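Colleague: Following is a predicted model, sequence given first.
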Amino acid sequence: MLINYSGYSKMKAKLKYKNKTIIINDLKKVSELGKFFGLMFKSKNTGALLFEFEKGNRAIHSFFCPVFLAIWICDGKIVQHRLVKPWVVSIKPRQDFDKLLEIPFNNKYSRIIGLFLDEEILST
C-alpha cells in the first residue's frame, strides 16, 4: 500500500512482509525519464525510488548502479524481492508487477534490507 503524503514526487510506502509492517519514508516517485536512469550514477547514500508501470513483466539492469534491494509489487502485494549487485544485464521477477521499489544498500535502509534478507546488515 503506497501513500502520497506531500503532493509532490515524495511518497511514503507502507508494506506488509512476514507479518511485519515496513514503512519507507522519503520515497521518490520517478518520472517517465527517471525510469530510464533509476539509481544509475547515484551514490550508495541516495534515497529509495518508486517506479510505476503498466501491469506486466519487464527486465531492469544495474549498470552504473550501487547495490540495491529491488521489491516488485503487483496490486499492492509484494510479489518478489532481490538484492541487486552492479553490472547485471537483466533482472526480472517471476511474476507480473505494476510497481518497483529500488532501495539502495546504505545505513538509512539497513533495517529494512535486513528484514527482507533475513540477516543483520552491517555497515561497510
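Modeller: Now that the structure is in, tell me what you want to look at.
Colleague: partners of the longest strand along the chain, with directions?
Modeller: As assigned by DSSP state E, the longest strand anywhere in the chain is strand 20-29. Paired with strand 20-29 in the same sheet, following DSSP bridges, are strand 10-17 (antiparallel), strand 49-56 (parallel).
Colleague: Of all the ones you listed, which one is nearest Arg94?
Modeller: strand 49-56 (13.1 Å; C-beta to C-beta). For the C-beta atoms, the positions are set from N, CA and C on the backbone; glycine is no exception.
Colleague: got the CA positions of the closest one in PDB?
Modeller: In PDB, the C-alpha atoms belonging to strand 49-56 read as follows (Å, rounded to 0.1, in the frame of the first residue of the first chain):
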ATOM      1  CA  LEU A  49      12.900   5.200  -5.700                       C
ATOM      2  CA  LEU A  50       9.300   4.200  -6.700                       C
ATOM      3  CA  PHE A  51       8.600   3.200 -10.300                       C
ATOM      4  CA  GLU A  52       5.100   2.800 -11.500                       C
ATOM      5  CA  PHE A  53       4.400   0.800 -14.700                       C
ATOM      6  CA  GLU A  54       1.500  -0.800 -16.600                       C
ATOM      7  CA  LYS A  55       1.000  -4.300 -15.200                       C
ATOM      8  CA  GLY A  56       3.400  -6.700 -16.900                       C
END
